[in-house]
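K.L.:
My questions are about this predicted structure, shown below with the sequence.
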Amino acid sequence: MNILVVDDEPLIRIGLVSLVEEWGHEAFSAGNAAAAIAVLEANQSIELIITDVDMPGTMDGIALAKYVAGRWPPVRLIVVSGKVAPADGDLPEGARFFSKPYHDQLIHSAIEEMRAR
């Protein structure tokens, strides 16, 4: 799978990109929602996005997830946050949410489940 990791914290982003690659996937990265949209526009092969909620800029991870679901409906979504849990109905249908800190295996399992869909 081609997976885009979106997080404004470089160490978290780099760590998750490394894990995604270890799990056998192609990884792309962005530090905010605007950069993520640019990656998506340049690379139509992105199949899944893992995004943090709390990011700088005009769009947080929840808004990014909604935007992606509307513009690129086939792209699957995993949203993570150490600060905010989305309210019911905040995330697009089919999106998964995990609180930080999360166990890497939970993310890996979610990726594999989404890959099977």
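P.N.:
Happy to help now that I have it.

K.L.:
ok, Arg13 to Gly94 distance?
P.N.:
23 Å (Cβ to Cβ, to the nearest Å). Bear in mind the C-beta positions are built from the backbone N, C-alpha and C, glycine included.

K.L.:
For this structure, which segments count as helices?
P.N.:
10-22, 33-42, 61-71, 104-116 (DSSP state H).

K.L.:
which of the ones you listed is buried the deepest?
P.N.:
Most buried of these by mean neighbour count (mean count of other Cβ atoms under 10 Å) is helix 61-71; its value is a mean of 19.

K.L.:
Which residue of this structure lies farthest from its centroid?
P.N.:
Taking Cα atoms, centre = their mean, the residue of the chain most remote from its mean C-alpha position is Asp88, at 18.4 Å.

K.L.:
Just the pLDDT for the residue most central in space within the chain.
P.N.:
For the chain, Ile50 is the residue whose C-alpha lies nearest the centre (Cα atoms, centre = their mean; 1.5 Å). On pLDDT, Ile50 comes in at 98.

K.L.:
Not counting sequence-adjacent ones, nearest residue to it?
P.N.:
Ile78 (4.5 Å; Cβ to Cβ, 6 or more residues apart in numbering).

K.L.:
Surely that neighbour is in contact with Gly94?
P.N.:
No. Between Ile78 and Gly94 there is no contact under Cβ atoms under 8 Å: 10.4 Å.

K.L.:
Of these two, which one has the most company?
P.N.:
Ile78 (23 against 11; other Cβ atoms under 10 Å).

K.L.:
List the beta-bridge partners for that one.
P.N.:
Ile78 has these beta-bridge partners by DSSP bridges: Ile50, Arg96.

K.L.:
In contact with it, which residues?
P.N.:
Ile78 sits next to Leu48, Ile49, Ile50, Thr51, Ala95, Arg96, Phe97, Phe98, Ile107, Ala110, Ile111, Met114 when contact means Cβ atoms under 8 Å, 6 or more residues apart in numbering.
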